[in-house]
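*Asks:* Generate a structure from the sequence data that follows.
(one chain, ligands or ions: 2)
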Amino acid sequence: MKWCCLIANSVNIHDICIKSTKTQNSTTQMKTLIQFINEMQTSNPFATGQFTRLLNDIGIASKIVNREINKAGLSHTMGETENTNVQGETQKKLDVFANEQFLNALRFGGACAAVVSEEEDEAIIFDNELSNQGRYVVAIDPLDGSSNIEVNVSIGTVFAIYKRNSEPGKPADETDILQVGTNLVAAGYVIYGSSTMMVFSTGQGVNGFTYDPSVGLFLLSHPNMTIPDNGNIYSINEANYIYFADGVKEYIKYCQEDDKKTNRPYTTRYIGSLVADFHRNLIRGGIYIYPGTTKQPMGKLRLLYECIPAAFLAEQAGGKASDGFKRILDIHPYTIHQRSPLFVGSKKMVEKAEYFMERLSKNFCEFPIKEN
Ligand code: AHM
Ligand code: MG
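*Replies:* Ligands and ions are numbered 1, 2, ... in the order given. Have a look, this model is predicted:
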């Protein structure tokens, strides 16, 4: 189906109130994503409708990406391209496809003036009449965890939305793109898992919408998501153990100790897709850590389109996110593909990990280190 048809479809069918979940005893009336964001818009007398359009555009692109992921094994979209991105990683065909879908949706939506994407070396400033009126900029990892595509493991899209600083009417500039996380107006992810879900926050809690492919709609399935204060899952790539700071090593040891009172030893779960690991921990309680290492002092994950959105969602769900010492949302980005260590999840677990970092690894990583 052509992209423009999908837009047309989505506008019409999204207005329908769906009675989609029929269990033996009940019919649950579920709110669609568009109904939900329209309601948000209605409650804000200053809303221009641009934000609603923006989220809708992200939703539409994610449906196209979802369709392609679901048939990846059957089509020619699996495998690598000959290109590497600015991080030196080989791009998968689906990385490139997803990037194009989100960029197209945002370029022609009229709400977004610029995009930072993991797959693009530079920020994309949409310098056209329509986009120059856009009041928002978006940072996005179009397909996170893409090394998992071939083996049919959950992957995701992560996005962060900022209001631009410069006046609409002109192309966006650097002040719009390099904003601190506390300026975020919304962030979210789409998880392409055993079901496809969009989880996002506009700063008033976190809500999850499950995609119903039979009607082509995201439906509010997880209202007001909160992360347990404590949990017993820790997610970290332990193969890097020898390169970890002592604080991280000690925290891992703490997780593995036997102590009935605190429900230890905890359990390890590491998928290797930030979105999937984060999503599980959000629901069950847990901590995800991608720390700095002696080889990569700033870790692997990118601040603008991985750490900041995850941190925003964690905080909005009642959890916590830091680089081991300070709040992720307070870190000022100086470059678009900047990396940061990430400790995110249940509040008490992140605090415990920070305790070990503070005590044992205060000088492990001096900030800010200028590296790519
Ligand atoms: P990507 O954006 O290139 O997919 O890399 C980010 C991913 C995260 O989703 C995941 O948690 C992490 O990299 C896994 O890295 P590692 O294989 O080093 O554990
Ligand atoms: Mg990524």
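*Asks:* Please identify the residues of the stretch 1-150 of the chain in proximity to ligand 1?
*Replies:* For the stretch 1-150 of the chain, the residues in contact with ligand 1 under the definition Cβ under 6 Å from any ligand atom are Glu89, Glu118, Asp141, Asp144, Gly145, Ser146. C-betas here are computed from N, CA, C, even on glycine.
*Asks:* Count the residues that sit near the first one.
*Replies:* Spelled out, that is Glu89. Using other Cβ atoms under 10 Å, Glu89 has 15 neighbouring residues.
*Asks:* quick one, what contacts the spatially most central residue of the chain?
*Replies:* For the chain, the residue sitting closest to the mean C-alpha position, by Cα atoms, centre = their mean, is Val158 at 2.7 Å. Applying Cβ atoms under 8 Å, 6 or more residues apart in numbering to Val158 gives the contacts Ile140, Asp141, Asp144, Ala187, Gly188, Tyr189, Leu274, Val275, Tyr305, Glu306, Pro309, Ala310.
*Asks:* Give me the subset of these lying in helices.
*Replies:* When DSSP state H defines the helices, the subset of the contacts of Val158 inside them is Leu274, Val275, Pro309, Ala310.
*Asks:* List buried residues within the residues you listed.
*Replies:* The neighbour-count test (16 or more other Cβ atoms under 10 Å) marks Leu274, Val275, Pro309, Ala310 as buried among the ones in helices among the contacts of Val158.
*Asks:* Can you list phi and psi of Asn224 for me?
*Replies:* Here is the backbone geometry of Asn224 (degrees, to the nearest 10): phi 50, psi 60.
*Asks:* Let me know the closest of the ones in helices among the contacts of Val158 to Ser346.
*Replies:* Ala310 (13.3 Å; Cβ to Cβ).
*Asks:* on that earlier part again, list the neighbouring strands of the helix or strand harbouring the residue nearest to the centre of the chain plus their orientation.
*Replies:* Element membership of Val158, judged by DSSP states H and E, is strand 155-163. Sheet pairing for strand 155-163, assigned by DSSP bridges, gives strand 136-144 (antiparallel), strand 184-192 (antiparallel).
*Asks:* could you point out which element follows the last one?
*Replies:* Toward the C-terminus, strand 184-192 is succeeded by strand 196-201 as the next helix or strand (DSSP H and E).
*Asks:* Next, the angle strand 155-163 makes with that following strand.
*Replies:* 30 degrees (axes from the mean of the first three to the mean of the last three Cα atoms, to 10 degrees).
*Asks:* Which residues outside strand 196-201 are in contact with it?
*Replies:* 33, 55, 59, 62, 66, 186-191, 206-211, 213, 218, 221-222, 225, 279, 282, 312-313, 316-317.
*Asks:* Let's see that with 6 Å instead.
*Replies:* For strand 196-201, the external contacting residues (Cβ atoms under 6 Å, 6 or more residues apart in numbering) are Asn66, Gly188, Tyr189, Val190, Ile191, Gly208, Phe209, Thr210, Tyr211, Phe218, Leu313, Gln316.
*Asks:* after it comes which helix or strand?
*Replies:* Counting by DSSP H and E, the next helix or strand C-terminal to strand 196-201 is strand 206-212.
*Asks:* what's that next one packed up against?
*Replies:* Packing partners of strand 206-212 (3 or more Cβ pairs under 6 Å, 6 or more residues apart in numbering; DSSP states H and E): strand 196-201, strand 217-225.
*Asks:* Now do the contacts for the closest residue in space to Thr293 that isn't next to it in sequence.
*Replies:* Using Cβ to Cβ, 6 or more residues apart in numbering and skipping the chain neighbours, the partner closest in space to Thr293 is Tyr243 (3.6 Å). Shown in contact with Tyr243 (Cβ under 6 Å, 6+ apart): Thr293, Thr294, Lys295.
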